[in-house]
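Trainee: From the sequence below, what's the structure:
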Amino acid sequence: MLRLTEKDWLKLRDFNKQIALRVQAKLPGDWYLTLEDVEGAVYDVFIKLLGEYKPGAMAATSYVYQYAEARALDMLMREYKRLKKQEPVEEDFDGEDDGE
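Mentor: All right, here's what the predicted structure looks like:
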């Protein structure tokens, strides 16, 4: 089982802010996500990467740092494309009660 120290978690917190800013800058201009939304997505990626991590030559925090930006951007862009493919919801704004 992977055990991270408090120092490791603090390092990941700092990485999260750096990575989230870079990811947010690469998102499409018509899809505004707050920095907090992007940070949440990056943390989700951190958890997945830590679950995949196999101890070896690279420390867990280095492994996460190396792959998190690309994975988070890929995950968010997939979500963006999925949302763009959805049919827009049409609402009746003409003020009529539809015969009721």
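Trainee: Flag the shaky bits of this protein, pLDDT-wise.
Mentor: Regions of the chain meeting the criterion pLDDT under 70 cover residues 87-100.
Trainee: how about the strands in it?
Mentor: Counting by DSSP state E, the chain yields no residue ranges for strands.
Trainee: quick one: the helices in it?
Mentor: Ranges of helices in the chain, per DSSP state H, are 6-26, 35-52, 60-85.
Trainee: okay, those in JSON lines with mean neighbour count next?
Mentor: For the C-beta atoms, the positions are set from N, CA and C on the backbone; glycine is no exception. Converted to JSON lines, those look like this (neighbours: other Cβ atoms under 10 Å):
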{"stretch": "helix 6-26", "mean neighbour count": "15"}
{"stretch": "helix 35-52", "mean neighbour count": "16"}
{"stretch": "helix 60-85", "mean neighbour count": "16"}
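Trainee: gap between Ala25 and Leu35?
Mentor: Distance from Ala25 to Leu35, counting by Cβ to Cβ, to the nearest Å: 11 Å.
Trainee: Oops, could you answer that again for Leu27 instead?
Mentor: 11 Å.
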